[in-house]
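Novice: Here is a sequence with its predicted model. Questions after.
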Amino acid sequence: MEKEPSRQEDRATSLLQKRGMMRLSEFHEYGITSATISRMEERGLLNQLARGLYQLPDAPLDGNHSLAVAAKLIPNGVVCYDSALAFHELTDRIPPSVWMGIGQRDWRPKISNPRIEVVRFNQVEFTSGVKHHTIEGVSVAIYEPAKTIVDLFKSGKRQKAFYDSNTGFAHATQAMKEALRLRKATPAEIARFAVQSNIWEKIVQPRLEALTVNA
């Protein structure tokens, strides 16, 4: 009677070694029961990262660990805003939450731990500029630098409209300056995403031209 649970534990360990972290529903797909996972957790054979998400206790941790966790909790989401900016090393800020973008009609998850901020994008903007990166064995969708900068400008536009604050514009402009300096985005790439988001002429173009003229 002990052989089946033992085989399940071996299978769970092998899967985690390959995948980095897994949700309980993924274990079920491989015939590994909730009881087996619970026993393994009690014995310290795996760690619970969030509700229903597990990882081996000796798994090597990446500096972007929180992004991998968020990607597993929101499989259809895309890392955006300051979290994407930090991943691309375009800011010194350490976001207190992981920013994740979802589609307009996607289910909005309720996650208390870790801290995740969810933003909705229209279909065109949601699917544009997405690149996949492997973090701790997890495929994580992250917006590329040019797309992230334009998203920050669009967020700044909303801040200006609702709170009469230019803080968002200043933050986006600084990110754009850094991306151009480090050659992680080109003026053409930024312009393309800005046109797509309908914020090119009045918001992004004058700021981009000021940076390129002064460069």
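Specialist: In hand now; what should we look at? Residues are numbered from 1 along each chain as shown.
Novice: Show residues contacting the lowest-mean-pLDDT helix or strand in the chain.
Specialist: When the helices and strands of the chain are scored by mean pLDDT, DSSP states H and E, helix 3-19 comes last with a mean of 87. Defining contact as C-beta atoms under 8 Å, 6 or more residues apart in numbering, one finds that helix 3-19 is touched by 22, 26-27, 30-33, 35-37, 39-40, 45-46, 54-56, 59, 137-138. To be clear about C-beta, it is placed using only N, CA and C from the backbone, and glycine gets the same treatment.
Novice: So which of these are in strands?
Specialist: 22, 54-55, 138 (DSSP state E).
Novice: ok, so of the residues you listed, who is nearest Arg93?
Specialist: Val138 (23.2 Å; C-beta to C-beta).
Novice: who's in contact with that closest one?
Specialist: Counting by C-beta under 8 Å, 6+ apart, Val138 makes contact with 19-21, 68, 71-72.
Novice: how many other residues sit next to the closest residue to it other than its chain neighbours?
Specialist: Counting by C-beta to C-beta, 6 or more residues apart in numbering, Val138 lies nearest to Ala68, which is 4.2 Å off, once chain neighbours are set aside. Close neighbours of Ala68, defined as other C-beta atoms under 10 Å, add up to 26.
Novice: backbone phi and psi for the spatially most central residue of the chain, please?
Specialist: The centre of the chain sits closest to Val79, judged by C-alpha atoms, centre = their mean, with a distance of 2.3 Å. Dihedral pair for Val79: phi -60, psi 130, per degrees, to the nearest 10.
Novice: That one contacts Phe87, correct?
Specialist: Yes - between Val79 and Phe87 a contact is recorded at 6.5 Å, counting by C-beta atoms under 8 Å.
Novice: ok, the residue nearest to Val138 to Asp92 distance?
Specialist: 22 Å (C-beta to C-beta, to the nearest Å).
Novice: can you pull the pLDDT of the residue nearest to Val138?
Specialist: pLDDT, Ala68: 96.
Novice: helix or strand for it, which one?
Specialist: Using DSSP states H and E, Ala68 maps to helix 65-73.
Novice: Quick check: neighbours shared by Val79 and Phe87?
Specialist: Common contacts of Val79 and Phe87 (C-beta under 8 Å, 6+ apart): 67, 142.
Novice: Against which helices or strands is the longest helix seen in the chain packed?
Specialist: Of all segments of type helix in the chain, defined using DSSP state H, the longest is helix 145-163. Using 3 or more C-beta pairs under 8 Å, 6 or more residues apart in numbering; DSSP states H and E as the contact test, the elements touching helix 145-163 are helix 81-87, helix 167-181, helix 187-196.
Novice: ok, 6 Å please
Specialist: When contacts are defined as 3 or more C-beta pairs under 6 Å, 6 or more residues apart in numbering; DSSP states H and E, helix 145-163 packs onto helix 167-181, helix 187-196.
Novice: For Lys131, find the nearest of the ones you listed.
Specialist: The nearest among the helices and strands packed on helix 145-163, by C-beta to C-beta, is helix 187-196 at 12.4 Å.
Novice: Next, work out how far apart Val79 and Pro206 are.
Specialist: For Val79, the distance to Pro206 - C-beta to C-beta - is 28 Å.
Novice: sorry, that was for Met40
Specialist: For Met40, the distance to Pro206 - C-beta to C-beta - is 57 Å.
Novice: Good, wrapping up.
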